[in-house]
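**Student:** sequence and predicted structure below; questions after.
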Amino acid sequence: MSRIGRMPITVPAGVEVTIAEGNVVTVKGSKGTLTQALCPEMILEQEGNVITVKRPSDDKAHCALHGMTRALLNNMVVGVSEGFKKELEINGVGYRAAKEGNKLVMNLGYSHQVVVEEIDGITIDVPAQNKIVISGADKQKVGQFAAEVREKRPPEPYKGKGIKYVDEVIRRKVGKTGAKK
């Protein structure tokens with residue numbers, strides 16, 4: 001039995017979950033509305049404010065989908081109630097970020113500025129010149145957008161310059177050694 005799959009999902013107050021035909025789940029909350037078509041073979045049961053995910057058999061494919069279906073549903077519930085966020089940090093001399101309207105403008109050592117536009121469901125915040133906070137209700141969208149921003153200048157291993165996640169650890173390399181004897 002899946003340890004993740006058998007855990008019940010408690011729906012907080014102010015969040016409304018609707019399970020339609022074919023396991024199309026709609027979750028509404030203060031942060032927005034998310035809709036996703038989950039695996040139609042899984043059994044979703046809603047009793048009051050508790051949702052449980054059950055699998056029809058102990059088939060290998062059903063075992064694999066059990067925990068994933070529960071995790072996707074839980075991420076939707078958490079997303080519309082609390083939201084998700086990724087924090088990025090910019091390291092490097094002259095590297096900085098600023099927000100102009102709904103655009104993120106970054107100076108990353110190129111001859112031009114790098115401009116990234118906000119997409120729907122995602123908000124960009126720049127609390128400091130070297131910090132970027134990306135937040136939204138959809139965990140997958142937030143992670144993907146953060147990865148795309150990081151991709152503009154990934155951290156390099158010699159000086160650590162570039163855009164990195166706040167909790168990311170960069171493995172540093174030793175540079176060139178002195179003249180040979």
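**Tutor:** Done, it's in. Residues are numbered from 1 along each chain as shown.

**Student:** same question for stretch 55-72, mean pLDDT?
**Tutor:** Averaging pLDDT along stretch 55-72 gives 91.

**Student:** ok, and for it, which residues are buried?
**Tutor:** Across stretch 55-72, burial judged by 16 or more other Cβ atoms under 10 Å covers 55, 62, 65, 66, 67, 68, 69, 70, 71, 72. Using the backbone N, CA and C atoms, a C-beta is placed for each residue, glycine as well.

**Student:** output the contacting helices and strands for the helix or strand in which residue 73 is found.
**Tutor:** If you go by DSSP states H and E, residue 73 is part of helix 60-81. Judged by 3 or more Cβ pairs under 8 Å, 6 or more residues apart in numbering; DSSP states H and E, the packing partners of helix 60-81 are strand 9-10, strand 24-29, strand 32-37, strand 50-54, helix 139-150.

**Student:** could you export these as TSV, including mean neighbour count and distance to residue 165?
**Tutor:** Shown next, in TSV, are those (neighbours: other Cβ atoms under 10 Å; distance: least, Cβ to Cβ, whole Å):
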stretch	mean neighbour count	distance to residue 165
strand 9-10	16	27
strand 24-29	18	26
strand 32-37	14	24
strand 50-54	18	30
helix 139-150	18	7
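
**Student:** separation between the closest residue to residue 156 other than its chain neighbours and residue 45?
**Tutor:** In this structure, residue 156 finds its nearest non-sequential neighbour in residue 162, 5.7 Å apart by Cβ to Cβ, 6 or more residues apart in numbering. Going from residue 162 to residue 45 by Cβ to Cβ, to the nearest Å gives 47 Å.

**Student:** between these two, which one's more packed in?
**Tutor:** More crowded of residue 162 and residue 45, by other Cβ atoms under 10 Å: residue 162, with 20 against 11.

**Student:** what is the more buried one paired to in the beta sheet?
**Tutor:** As for beta bridges, residue 162 partners with residue 91 under DSSP bridges.

**Student:** show the contacting residues for the residue nearest to residue 171 when sequence neighbours are not counted.
**Tutor:** Of all residues not flanking residue 171 in the chain, residue 157 sits nearest, at 6.2 Å (Cβ to Cβ, 6+ apart). Counting by Cβ atoms under 8 Å, 6 or more residues apart in numbering, residue 157 makes contact with 170, 171, 172, 173.

**Student:** and these, which of them are in helices?
**Tutor:** The helices, defined by DSSP state H, take in nothing from the contacts of residue 157.

**Student:** if we take those, which one ends up nearest to residue 15?
**Tutor:** residue 170 (37.9 Å; Cβ to Cβ).
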